[in-house]
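> Build me a model from this:
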Amino acid sequence: MKIKTYAVLKDYFPHQADKVSSAKTINELREELIVENPSAKAILNISRFAIDDTFVDLDMAINGTEIISIIPPSSGG
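I've put the predicted structure just below:
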């Protein structure tokens with residue numbers, strides 16, 4: 001799968017990377033990323049996940065071929 005991160009998440013992970021994962025759901029992927037970089041836990045827990053540019057719930061099934069975007073909350077003007 002391809003993972004894309006945005007905003008502050010780029011401080012913890014590459015903006016775009018191929019990832020081999022055994023995760024079967026978005027939530028399992030999030031947990032893998034937390035294990036990979038525990039300091040990103042707080043921001044990952046409040047971020048939204050999208051598959052192929054469509055926001056999905058954490059229980060969404062994945063098969064490893066998707067493009068998954070992880071978008072943290074934004075603020076500013």
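> what about residue 58, which helix or strand?
For residue 58, there is no host helix or strand (DSSP states H and E).
> Grab the nearest non-local neighbour of it.
residue 27 (4.0 Å; CB to CB, 6 or more residues apart in numbering). (Each C-beta comes from the backbone N, C-alpha and C, glycine too.)
> Show residues contacting the lengthiest helix in the chain.
Ordering each helix of the chain by length in residues (DSSP state H) puts helix 26-36 first. Residues outside helix 26-36 that contact it (CB atoms under 8 Å, 6 or more residues apart in numbering): 13, 21-23, 40-41, 44-45, 49, 51, 56-60, 62, 68, 70.
> Point out the ones among those that are inside helices.
41, 44-45.
> Now do the SS call for residue 64.
Here residue 64 is coil, with the state taken from DSSP: H, G, I helix; E, B strand; the rest coil.
> what's the neighbour count on the nearest residue to it once chain neighbours are set aside?
In space, and not counting its chain neighbours, residue 64 is closest to residue 1: 5.1 Å by CB to CB, 6+ apart. If you count neighbours by other CB atoms under 10 Å, residue 1 ends up with 17.
> looking at it, residue 1 is touching residue 52, isn't it?
No. Residue 1 lies out of contact with residue 52 (CB atoms under 8 Å); the separation is 10.9 Å.
> so what sits against both of the two?
By CB under 8 Å, 6+ apart, the residues touching both residue 1 and residue 52 are 66-67.
> which residue is nearest the middle of this protein?
residue 70 (3.8 Å; CA atoms, centre = their mean).
> Distance check, that residue against residue 20.
Distance from residue 70 to residue 20, counting by CB to CB, to the nearest Å: 17 Å.
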